[in-house]
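Engineer: mind folding the following:
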Amino acid sequence: MTSRRNRKEHGGTSLVEFTLVGIPMIFLLISTFEVARGMWTYHTLAYAVKEGTRYASVHGKTCTVVPNTCAVTVAQVAQRVSDSAAGLLPANLTLTFTSLSGTFSCKVTTCLTNASQWPPDPSNQQGSDIEIDGVYPFQSAISMFWPGAGPGVGVATVNFPASSKETMEN
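Structural biologist: Numbering: from 1, shown residues only. I've put the predicted structure just below:
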């Protein structure tokens, strides 16, 4: 009889133990996945921007001289960035193109229709610097779990920046 009464007296301890240990462990698990997803997103963004800049840097002044036809357009560079950015939504990725001729920004989906040459003359001279910056919004679900967040709190957005600078090669 004592063992049955003993079980009844300690029947709620499992629930209390789960509440004290299980819920923080679930939060820790979700946080770990969100941090890993954020790191993956940032790395993918940085790689894609680097690939776009590298692609543009090897298509310099000699590509615009007849009979060569290897000059690149904004659309081709944006396509290279988009192809390298696996898993990132092109509609959310903003690119900023910087050369000696100036700076302009566009969303990747808009850049894909831009047929102007980039970098333009005289910024495509050998030794000229070009730069592409990318910004991608990262939405993390962790913010919904903060204490005191209350009802109606949405997913927080953090803008991840990436930048790549190259020198024109030919």
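
Engineer: drop to CA atoms for contacts and neighbour counts, all remaining ones
Structural biologist: OK.

Engineer: show me the contacts for residue 109.
Structural biologist: 90, 91 (Cα atoms under 8 Å, 6 or more residues apart in numbering).

Engineer: which is the next helix or strand following the helix or strand containing it?
Structural biologist: Per DSSP states H and E, residue 109 falls inside helix 108-111. Once the chain leaves helix 108-111, the next helix or strand it forms, by DSSP H and E, is strand 129-140.

Engineer: that following strand - contacts with which helices or strands?
Structural biologist: Where contact means 3 or more Cα pairs under 8 Å, 6 or more residues apart in numbering; DSSP states H and E, strand 129-140 is packed against helix 23-57, strand 94-99, strand 156-167.

Engineer: one step back: chain center to the helix holding residue 109, what's the gap?
Structural biologist: Offset of helix 108-111 from its chain centre (Cα atoms, centre = their mean, to the nearest Å): 15 Å.

Engineer: same deal with stretch 44-55?
Structural biologist: 11 Å.

Engineer: stretch 48-65 now?
Structural biologist: 22 Å.

Engineer: give me the buried positions along that stretch.
Structural biologist: For stretch 48-65, the neighbour count (16 or more other Cα atoms under 10 Å) marks 48-64 as buried.

Engineer: just the CA coordinates of that stretch, formatted as PDB?
Structural biologist: The C-alpha trace of stretch 48-65 is given here as PDB (Å, rounded to 0.1, in the frame of the first residue of the first chain):
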ATOM      1  CA  ALA A  48      26.400  34.900 -54.600                       C
ATOM      2  CA  VAL A  49      27.500  38.600 -54.400                       C
ATOM      3  CA  LYS A  50      31.200  37.400 -54.700                       C
ATOM      4  CA  GLU A  51      30.300  35.300 -57.800                       C
ATOM      5  CA  GLY A  52      28.500  38.200 -59.400                       C
ATOM      6  CA  THR A  53      31.400  40.600 -58.800                       C
ATOM      7  CA  ARG A  54      34.000  38.000 -60.100                       C
ATOM      8  CA  TYR A  55      31.900  37.400 -63.200                       C
ATOM      9  CA  ALA A  56      31.800  41.100 -64.000                       C
ATOM     10  CA  SER A  57      35.500  41.700 -63.300                       C
ATOM     11  CA  VAL A  58      36.700  39.400 -66.000                       C
ATOM     12  CA  HIS A  59      34.700  41.100 -68.700                       C
ATOM     13  CA  GLY A  60      36.600  44.400 -69.000                       C
ATOM     14  CA  LYS A  61      37.400  46.800 -71.800                       C
ATOM     15  CA  THR A  62      38.700  44.200 -74.200                       C
ATOM     16  CA  CYS A  63      35.300  42.600 -74.200                       C
ATOM     17  CA  THR A  64      33.800  45.700 -75.900                       C
ATOM     18  CA  VAL A  65      36.300  45.900 -78.700                       C
END
